[in-house]
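Q: compute the structure for the input listed below.
(one chain, ligands or ions: 1)
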Amino acid sequence: MTQLDKDTIEAFHRDGAVALHGLFSDWVDTLRAGIARNMAEPSADVRIYQGKDGGGRFFGDYCNWNRIPEYREFIFNSGAAEIGRQLMGTKTVRLFHEHVLVKEPGADVATPWHQDQPYYCVDGTDTVSLWIPLDHIPRERTLEFVAGSHKWGKYYRPERFDKTPLNEGDGLEPVPDINGNRDKFNVIGWALEPGDAVAFNYMTLHGAPANKSQSEQRRAFSLRLLGDNVRYAKREGIKTSPPFRGVTLTHGAMVDAPEFPLL
Ligand SMILES: O=C(O)CCC(=O)C(=O)O
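A: Coordinates of the predicted model:
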């Protein structure tokens, strides 16, 4: 069992994001195979942004672990849940969902700066996503974070990745212009190899550039985990993403449902 060192865990809590190198190298082929299957058989919730002028697609799909055997194998057997548990410092780890994000060569849609929690039907601070790249990621193409933003106490307005709002009139303030003011924010990010991971809190502001490479794709598998203090959040009149249409939990309940197995 991998034991994370104290500095890594401290950096995760301080900055809201930390790089973990080489942890999942043995799982790269499995996850690539799962993503190929997922792209060939997408769910009804798939979102595909077609690049302009011959650019590739930005493919996003989620909540497919139950029907993609490679995802199940990874989620239940890779030790990722234990890594999440150590980072959060919790007794329990529950699966929230997986999210796959592929930017084909020339995919010209950037991932806008956002926090994940305002999109979700959960609230709490014991949260972690493990964003696992399956291709070489140079620093200029990596997922970036505003260090410390998970502690700002703000929920910013969720948008679709093409910048259309997920909900009109949600009363939330827009995400600040981070790219236009990079000197004012502590932006962190790492060059990564296949099987590395970046772990981040659902409240940490993050974003990623378009894929300007004309030859290299950028595949990523993001595993979303929940810890002890997370509760179901019913956001009245608001579309969440993922939608979790079949879940009947009440507001404030433990997130205990077959969709969210204990790991
Ligand atoms: O892969 C990307 O471009 C975005 C990833 C992301 O926003 C996430 O995993 O929460």
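
Q: now do the SS call for the residue nearest to the spatial centre of the chain.
A: In the chain, the residue lying closest to the centroid (Cα atoms, centre = their mean) is Ser222, at 4.6 Å. Look at Ser222: counting by DSSP: H, G, I helix; E, B strand; the rest coil, its state is strand.

Q: ok, now the one 3 residues further on?
A: Secondary structure state of Leu225, per three-state DSSP, is strand.

Q: SS state for the residue lying closest to it once chain neighbours are set aside?
A: Of all residues not flanking Leu225 in the chain, Gly84 sits nearest, at 3.9 Å (Cβ to Cβ, 6 or more residues apart in numbering). In this view, the C-beta of every residue, glycine as well, is placed from N, C-alpha and C. Taking three-state DSSP as the rule, one finds Gly84 in the helix state.

Q: so who does Gly84 touch?
A: Counting by Cβ atoms under 8 Å, 6 or more residues apart in numbering, Gly84 touches Val93, Val128, Leu130, Ala199, Leu223, Leu225, Gly227.

Q: which ones are touching Leu192?
A: Here Leu192 is in contact with Ala19, His21, Pro133, His136, Ile137, Thr142, Val198 (Cβ under 8 Å, 6+ apart).

Q: element containing Lys154?
A: Counting by DSSP states H and E, there is no helix or strand that carries Lys154.

Q: re earlier: can I have the buried ones of the contacts of Leu192 as a PyMOL selection?
A: Buried subset of these, written as a PyMOL selection, criterion 16 or more other Cβ atoms under 10 Å:
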select buried, resi 19+133+137+142+198
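
Q: make a markdown table out of the contacts of Leu192 and add pLDDT and secondary structure.
A: Formatted as a markdown table, the contacts of Leu192 follow (pLDDT from 0 to 100; DSSP: H, G, I helix; E, B strand; the rest coil):
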| residue | pLDDT | secondary structure |
| --- | --- | --- |
| Ala19 | 98 | strand |
| His21 | 97 | coil |
| Pro133 | 98 | strand |
| His136 | 97 | coil |
| Ile137 | 97 | strand |
| Thr142 | 98 | coil |
| Val198 | 98 | strand |
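
Q: quick one, helices of this structure?
A: If DSSP state H is used as the criterion, the helices of the chain fall at 6-15, 28-40, 69-77, 80-88.

Q: kindly report the residues of the stretch 51-200 of the chain close to the ligand.
A: His99, Leu101, Thr111, Asp116, Ser129, Trp131, Leu143 (Cβ under 6 Å from any ligand atom).

Q: may I see those organised as CSV, with pLDDT added?
A: What follows is these, written out as CSV (pLDDT from 0 to 100):
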residue, pLDDT
His99, 98
Leu101, 98
Thr111, 95
Asp116, 97
Ser129, 98
Trp131, 98
Leu143, 98
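
Q: the stretch 151-263 of the chain: strands as residue ranges?
A: 187-189, 197-200, 206-208, 218-226, 231-232 (DSSP state E, counting those that start in this stretch).

Q: quick one: pLDDT of the closest residue to Pro243 other than its chain neighbours?
A: Using Cβ to Cβ, 6+ apart and skipping the chain neighbours, the partner closest in space to Pro243 is Asp45 (7.1 Å). On pLDDT, Asp45 comes in at 96.
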